[in-house]
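[1] I'll drop the sequence and a predicted model, then ask my questions.
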Amino acid sequence: MPEGDTVWHTAAILRRHLAGRPLTRCDIRVPRFATVDLTGQVVDEVLSRGKHLFIRVGTASIHSHLKMDGGWKVGNRSVRVDHRTRIILEANQGEEAIRAVGADLGVLEVLDRDNDGTVVAHLGPDLLADDWDPQLAAANLIIAPDRPIAEALLDQRVIAGIGNVYCNELCFVSGLLPTAPVSAIDDPRRLVTRARDMLWANRWRWNRCTTGDTRAGRQLWVYGRAGRGCRRCGTLIAFDNTNERVRYWCPACQHAA
């Protein structure tokens with residue numbers, strides 16, 4: 001499930017292999033942009049903003065959003081191309097051809113580079129950006145005090161980068177239920193700083209860890225652990241899948257206010 005750390009990591013890999021190199025192939029398989037060919041133009045930079053990714057090539061900017069199932073594969077080996085493929089980019093890296101394939105992308109479009117920032121102008125502070133602002137993030141979080149914490153954390157206009165995994169984990173380490181109101185947060189700045197710390201610690205790995213124990217099956221506190229004992233108190237982890245986002249919590253360690 002792609003969240004801000006996954007997109008940041010993906011951007012870093014694409015940057016390492018494509019930045020500074022001219023494209024030798026540009027195959028966009030989205031009807032609206034199928035005629036766009038950036039072959040021969042140099043990839044200037046690759047960057048992420050929250051869950052959005054931008055590949056800036058000449059005067060164009062390739063904007064993608066992974067949504068729930070999307071991803072990029074990058075390497076010098078042949079990659080299977082099928083109906084899920086949305087874009088193929090290639091560049092030469094020494095004697096090798098590097099191929100970047102984006103599949104199942106929820107959003108893929110080609111924008112005017114000078115104006116690509118408009119699609120992310122609504123986002124709150126980016127947890128992994130150099131200009132991360134915890135004060136602004138905390139202020140955004142408490143604007144609607146009666147709003148459920150989980151709903152607020154998942155709102156990218158409040159803070160950019162948190163997905164359902166981190167949302168559930170943050171509620172647990174804060175000792176609050178996902179349905180508890182924002183007003184129950186004693187220290188909003190501490191919570192957003194924890195969010196930053198979690199994503200920052202995981203930005204270079206695909207398997208997230210919030211517990212500090214990276215061994216298989218021990219990486220998360222509550223997410224995906226329904227019916228198993230709480231790592232702190234042993235109480236069975238509860239869950240609710242009646243909404244779009246599944247919620248996990250410990251009935252003993254987390255409270256409503």
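    Looks like it came in fine. All of these numbers come straight from a predicted model, not from anything done at the bench.

[2] can you show me the CA trace of the host helix or strand of residue 14 as PDB?
    For residue 14, the host element (DSSP states H and E) is helix 4-18. The C-alpha coordinates for helix 4-18 follow below in PDB (Å, rounded to 0.1, in the frame of the first residue of the first chain):
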ATOM      1  CA  GLY A   4       4.600   8.900   1.400                       C
ATOM      2  CA  ASP A   5       7.700   6.900   2.200                       C
ATOM      3  CA  THR A   6       7.100   4.500  -0.700                       C
ATOM      4  CA  VAL A   7       6.700   7.400  -3.100                       C
ATOM      5  CA  TRP A   8       9.800   9.100  -1.800                       C
ATOM      6  CA  HIS A   9      11.800   5.900  -2.200                       C
ATOM      7  CA  THR A  10      10.400   5.300  -5.700                       C
ATOM      8  CA  ALA A  11      11.400   8.900  -6.700                       C
ATOM      9  CA  ALA A  12      14.900   8.300  -5.300                       C
ATOM     10  CA  ILE A  13      15.400   5.200  -7.400                       C
ATOM     11  CA  LEU A  14      14.000   6.800 -10.600                       C
ATOM     12  CA  ARG A  15      16.300   9.900  -9.900                       C
ATOM     13  CA  ARG A  16      19.400   7.700  -9.500                       C
ATOM     14  CA  HIS A  17      18.800   5.900 -12.800                       C
ATOM     15  CA  LEU A  18      17.200   8.600 -15.000                       C
END
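
[3] please identify the buried residues of that helix?
    For helix 4-18, the neighbour count (16 or more other CB atoms under 10 Å) marks 4, 5, 6, 7, 8, 9, 10, 11, 14, 15, 17, 18 as buried. Quick note: C-beta positions are derived from backbone N, CA and C, even for glycine.

[4] can you redo those residues as CSV with distance to residue 103?
    Converted to CSV, the buried residues of helix 4-18 look like this (distance: CB to CB, whole Å):
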residue, distance to residue 103
4, 20
5, 20
6, 14
7, 15
8, 19
9, 17
10, 12
11, 16
14, 14
15, 19
17, 17
18, 17
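
[5] quick one, helices of the stretch 101-250 of the chain?
    Per DSSP state H, counting those that start in this stretch, the stretch 101-250 of the chain carries helices over the ranges 134-141, 149-154, 164-174, 188-202.

[6] these: which one's closest to residue 238?
    Shortest distance between residue 238 and these, using CB to CB, is found for helix 164-174: 11.3 Å.
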